[in-house]
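In: quick one: sequence plus predicted model below, questions after.
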Amino acid sequence: MSERVAVRKTYKLFIGGKFPRSESGRSYLVQSSNVSLASRKDARDAVVAARAAVKGWAGATAYNRGQILYRAAEMLEGRREQFVALGIPGDEVDAAVDRWVWYAGWADKLAQVYGGANPVAGPYFNISAPEPTGVVAVVAPERPALLGLVSVIAPAIVTGNTVVVAASPSEPLAAVTLAEVLATSDLPGGVVNILTGAITETAPTLASHMDVNAIDLTGVTDASLASELEVKAAENLKRVLRPAPADHDWSADPGLTRMTTLLETKTVWHPKGV
Amino acid sequence: MTATTTSARPELSELGRSETALRTFLHGLPGVDQVGAEQRAAQLGTRSIKTTAKAQAIDLAIRMVDLTTLEGADTPGKVRALAAKALRPDPADPSCPHVGAVCVYPAMVPYVAEVLAGSGVHLASVATAFPSGQAPLEIKLADTRAAVAAGADEIDMVINRGAFLAGRYKEVYDEIVATKEACGDAHLKVILETGELATYDNVRRASWLAMLAGGDFIKTSTGKVPVAATLPVTLVMLEAVRDFRAATGRQVGVKPAGGIKTTKDAIKYLVMVNETVGTDWLDPDWFRFGASSLLNDLLMQRTKLTTGTYAGPDYFTLD
């Protein structure tokens, strides 16, 4: 019997629930695999897909979002070996699954913790409730490849935002494999979009895009690029998460900031007189 | 693509006098090669139009837009806002041209006329029992006269598809002639509603029928049936106007309407116009887009070209 020819995988982008190649046709080599090198136009397409997904995702009940995220954690757990084969330590995969489940649990609890009734000086019943801000651009941390990525995606989408993620240029294989996990969970297409390639190419486009509502600069290590991106983001008053310090401990309790920064507070004055 | 028979027929103007002559002529038109038309349209859609050519195409497309609202929920306030947008589509950029026309229901014409007066933007109104066209002729004509009297200078009529599909060509012809007469000085656009005509052969016949009867424009669709303007249908119609001008010397305009939502789509149409009938038709007087949401996409693309950053729909009006 002749030896079978191995089927090698091309790591492609993840846009709108599909895995297209870069429209530019470019790719680069990582760990002897071809990975798509996303262009400005891929970023544009990803924003269109993310925007289209906002209505359905933000409109889903918090409970439903939590269930879908939990399902994604199940899928992630099932692919543990695949991540390990890519060189991700087993402990990190476990931590990533735990992190994902932790955020999934926040889906229907954040509004109680972060919203509530306000005591106001008047005969009104006054309540505040957090709502998703919309499309969030995320520059994922360079490392840890999986835990870092999960730690920036999950808090953004759990509240109903959709994301366009510029994956770590040096660790894109974990990002595309995570995309496969998400594609096989119940997450609607377009809620998470992942671009692999150079941050310097995709991030400025996302930062200046008028249809992006917030930008998470966690993975930007170059201080001058970070300030350039913040200036671009200010053009339409995007919410901004500043870059993470180089010594950030990704295994520590992440707190709520990643979720709460990407929310808008809706306050209702009700003339109920209580 | 094969050209339709263009040998000068001295009797073209006489065709409308008899049902038999019309039928013989229309059924004598060469059949449309369906696969060929679709392939040609798809091929022209692959042209890459970039940078300065794109900027020019976008401005031309904006000038060609018939900014349309044909909803039961139209109010005087809404159509006034739409007319204001037609005059100055991008308030942030004075170099942005105005659109070709505003297209509304007859009842809304007076409100739009106030806003557009003296601006150079045309005022189109649908008439003749739009969108079905299923009403007695006298009602259709009254509808037309009322719209013209209220200030419309372009009338978008629908053909009687029931009569056309039943083969009563003379009836359709006579209705168009009568409507043209009721229009007076107003331009007449004849809506073929190609989504209901079923075949490209029928589209070619309906195009010729509308032109023979005196239509100034032929328009694909009402936008009220699932299949609206498509590239191949527009290609067939463009060939018809080209052949009609070759046969009679009279130039007729074309207006694809319905379903054209993006700049990319609009540019595909412009490429097809250029390649099929040439630059004579690359003008708002001879080619229009019946559209509503297209304008915002054109404006967003225009903003992208002028500012370098991608624009978002939050910064443009909803209607």
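Out: Here it is on my side, so go on.
In: now do the strands in chain A.
Out: Secondary structure of chain A (DSSP state E): strands at A:27-30, A:33-36, A:116-118, A:125-132, A:135-139, A:162-166, A:192-195, A:214-216, A:239-241, A:263-270.
In: ok and the residue in the stretch 101-250 of chain A nearest chain B?
Out: A:D211 (3.1 Å; CB to the nearest CB). Bear in mind the C-beta positions are built from the backbone N, C-alpha and C, glycine included.
In: want to throw the strands of chain A into JSON lines with distance to chain B?
Out: Below are the strands of chain A laid out as JSON lines (distance: least, CB to the nearest CB, whole Å):
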{"stretch": "strand A:27-30", "distance to chain B": "21"}
{"stretch": "strand A:33-36", "distance to chain B": "20"}
{"stretch": "strand A:116-118", "distance to chain B": "28"}
{"stretch": "strand A:125-132", "distance to chain B": "15"}
{"stretch": "strand A:135-139", "distance to chain B": "9"}
{"stretch": "strand A:162-166", "distance to chain B": "12"}
{"stretch": "strand A:192-195", "distance to chain B": "14"}
{"stretch": "strand A:214-216", "distance to chain B": "13"}
{"stretch": "strand A:239-241", "distance to chain B": "15"}
{"stretch": "strand A:263-270", "distance to chain B": "13"}
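In: mind checking the SS state of the closest residue to B:G258 other than its chain neighbours?
Out: Once flanking residues are discounted, B:G258 sits nearest to B:A228: 2.6 Å by CB to CB, 6 or more residues apart in numbering or on different chains. Classification of B:A228 using DSSP: H, G, I helix; E, B strand; the rest coil returns coil.
In: how close does B:D243 sit to chain A?
Out: 38 Å (CB to the nearest CB, to the nearest Å).
In: near chain A, which residues of the stretch 201-319 of chain B?
Out: B:G308, B:T309, B:Y310, B:A311, B:G312, B:P313, B:D314, B:Y315 (CB under 8 Å from any CB of the partner chain).
In: which residues touch residue 271?
Out: Chain wasn't specified; assuming chain A. A:P123, A:Y124, A:F125 (CB atoms under 8 Å, 6 or more residues apart in numbering or on different chains).
In: meant chain B actually
Out: B:L44, B:G45, B:R47, B:I49.
In: you'd agree A:D45 is up against A:I15?
Out: Yes - taking contacts as CB atoms under 8 Å, A:D45 lies within contact range of A:I15: 5.7 Å.
In: these two: who's more crowded?
Out: A count of neighbours by other CB atoms under 10 Å in any protein chain shown puts A:I15 above the other of A:D45 and A:I15, at 27 against 21.
In: any idea how far that one is from B:G45?
Out: According to CB to CB, to the nearest Å, A:I15 and B:G45 sit 22 Å apart.
In: quick check, nearest of the contacts of A:P271 to A:P188?
Out: If you rank these by distance to A:P188 using CB to CB, A:F125 comes first, at 34.6 Å.
In: for A:T265, see how far away the closest one is.
Out: Counting by CB to CB, the gap from A:F125 to A:T265 is 16 Å.
In: nearest residue to the middle of chain B?
Out: Geometric centre of chain B, nearest residue: B:K255, 2.1 Å, by CA atoms, centre = their mean.
In: list the beta-bridge partners for that residue.
Out: Beta-bridge pairing for B:K255 (DSSP bridges): B:K219.
In: who's in contact with the closest residue to A:L263 other than its chain neighbours?
Out: Closest residue in space to A:L263, ignoring its immediate chain neighbours: A:P130 at 4.2 Å, by CB to CB, 6+ apart. Listed by CB under 8 Å, 6+ apart, the contact set of A:P130 reads A:L110, A:A111, A:Y114, A:G115, A:T159, A:T260, A:L263, A:E264, A:T265, A:K266.
In: 10 Å instead?
Out: A:110-111, A:113-115, A:159-160, A:259-260, A:262-266 (CB atoms under 10 Å, 6 or more residues apart in numbering or on different chains).
In: and the residue in the stretch 51-200 of chain A that chain B sits nearest to, how many neighbours?
Out: Taking CB to the nearest CB, chain B has its nearest neighbour within the stretch 51-200 of chain A at A:R51, 8.1 Å off. Other residues within reach of A:R51, judged by other CB under 10 Å, total 20.
In: and the helix or strand B:A147 falls within, which residues are buried?
Out: Using DSSP states H and E, B:A147 sits in helix B:137-150. Applying a neighbour-count criterion of 16 or more other CB atoms under 10 Å in any protein chain shown, one finds B:K140, B:L141, B:A142, B:D143, B:T144, B:R145, B:A146, B:A147, B:V148, B:A150 buried in helix B:137-150.
In: for B:I159, see how far away the second one is.
Out: Pointing back at B:L141 there. 14 Å.
In: a helix runs through B:L12, doesn't it?
Out: Yes - counting by three-state DSSP, B:L12 is part of a helix.
In: and it, how far from chain A?
Out: B:L12 is 49 Å from chain A, by CB to the nearest CB.
In: just give the number of residues close to that residue.
Out: Neighbours around B:L12, by other CB under 10 Å: 15.
In: can you check the pLDDT for it?
Out: Looking at B:L12, its pLDDT reads 85.
In: okay, now the residue in the stretch 201-319 of chain B that chain A sits nearest to: neighbour count?
Out: When scored by CB to the nearest CB, the stretch 201-319 of chain B has B:G312 as its residue closest to chain A, at 3.1 Å. Using other CB under 10 Å, B:G312 has 19 neighbouring residues.
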